[in-house]
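Student: The following comprises the amino acid sequence and a computationally predicted model.
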Amino acid sequence: MADYLADVKKYDAAANADVVEKIVKHLGIALRNRDSSLVSCTDPKELDRVKAGWVSKKLGITDDKKADAAIQKVCQTMHADHSKHRVTFYYLVAKDLGKLGSL
């Protein structure tokens, strides 16, 4: 848990540990495999899964333009990080959409 929080804090110094913990619990088994614990911004299918499974299903955002804009913004924010951790990515997307409080 501390590793996930530390990674999120690279992008949001005031990151909420409880929210990070909820994202970790939501992702569960996906975090055990290195490949599934990372997000690839160059893979359109991966970004569609993020949009469908996280943004639409969990955050309740059904506006595709709004979802795509948030995902692309996070891709740009994390551009220099070759290993984009899924927990951090999901946290930043939720923050950009103003949904951290609903997690």
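Tutor: Okay, I see it.

Student: pLDDT weak spots in the protein?
Tutor: Applying pLDDT under 70 to the predicted model, the chain contains no residue that meets it.

Student: Give me the most central residue, it.
Tutor: By CA atoms, centre = their mean, the chain has its centre lying nearest to residue 90, at 1.2 Å.

Student: Could you point out the helix or strand that follows the longest helix that the chain contains?
Tutor: In the chain, taking DSSP state H as the definition, the longest helix is helix 64-77. Counting by DSSP states H and E, the next helix or strand C-terminal to helix 64-77 is helix 86-96.

Student: Tell me the helices and strands packed up against that following helix.
Tutor: Packing contacts for helix 86-96, counted by 3 or more CB pairs under 8 Å, 6 or more residues apart in numbering; DSSP states H and E, involve helix 2-9, helix 17-27, helix 64-77. Placement of C-beta: from N, CA and C, glycine included.

Student: so can I have JSON lines of the ones you listed showing distance to residue 84 and mean neighbour count?
Tutor: As requested, the helices and strands packed on helix 86-96 are arranged in JSON lines below (distance: least, CB to CB, whole Å; neighbours: other CB atoms under 10 Å):
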{"stretch": "helix 2-9", "distance to residue 84": "10", "mean neighbour count": "16"}
{"stretch": "helix 17-27", "distance to residue 84": "14", "mean neighbour count": "17"}
{"stretch": "helix 64-77", "distance to residue 84": "8", "mean neighbour count": "16"}
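
Student: can I get these in CSV with distance to residue 52?
Tutor: As requested, the helices and strands packed on helix 86-96 are exported to CSV (distance: least, CB to CB, whole Å):
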stretch, distance to residue 52
helix 2-9, 23
helix 17-27, 14
helix 64-77, 9
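
Student: Of the ones you listed, give the one that comes closest to residue 43.
Tutor: Set against residue 43 and scored by CB to CB, the helices and strands packed on helix 86-96 come closest in helix 64-77, at 10.9 Å.

Student: which residues does residue 73 contact?
Tutor: Going by CB atoms under 8 Å, 6 or more residues apart in numbering, residue 73 touches residue 96.
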